[in-house]
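Undergrad: could you look at this predicted model? Sequence included:
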Amino acid sequence: MYTTLQFVHSYWAYLVLVIVVLATLNALISFFSNKEYSPKDFRISLFALIVTHIQLLIGLILYFVSPLGLQSLTSNGMGTVMKDSMLRLYAVEHPLVMILTVVFITIGYSKHKKKLVSKPKFKMLAIFYTIALILMLSRIPWGQWF
């Protein structure tokens, strides 16, 4: 089960990254070029929300079954985990920052739906999705990807 979850989580992450980059760029470009909000924009931002939430669910399950997640904290203790950069990344930093990423995407999506005009809609999406993208890029375990 662990290896299957790890495989799915790793490869789903590529889709998440591509979709969040696409949604962020769409929001930024549309905001600065004063485009009208369309159903396509709604679908792109919604798809980013959906794929990140699915990734979060897979990641949370993986956190509880992985030897690098909760098991690392309980067997090694917080002091040891915080002194080891690899253990700290997998047991603390990556999960925490990715949860924050999903929170920012969710807030941005929710706030943009309440706006009635295109410019403020794109502004909300651009601000929150950009913050989420920066957070996501900061804590991806790049060594595992390449």
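TA: Perfect, thanks for sending it. Numbers count the residues shown, from 1 in each chain.
Undergrad: what ranges do the helices span in this protein?
TA: 2-32, 39-65, 70-76, 78-83, 85-88, 94-114, 118-138, 142-145 (DSSP state H).
Undergrad: count the residues that sit near Val103.
TA: Val103 has 16 neighbours, counted by other C-beta atoms under 10 Å. In this view, the C-beta of every residue, glycine as well, is placed from N, C-alpha and C.
Undergrad: if I look at it, how far off is Leu5?
TA: Here the criterion is C-beta to C-beta, to the nearest Å. By it, Val103 lies 22 Å from Leu5.
Undergrad: re the thing from before, which of the helices of the chain sits most buried?
TA: helix 118-138 (a mean of 20; mean count of other C-beta atoms under 10 Å).
Undergrad: angle of it against helix 94-114?
TA: Calculated by axes from the mean of the first three to the mean of the last three C-alpha atoms, to 10 degrees, helix 118-138 forms an angle of 170 degrees with helix 94-114.
Undergrad: most centrally placed residue in the chain?
TA: Thr101 (4.4 Å; C-alpha atoms, centre = their mean).
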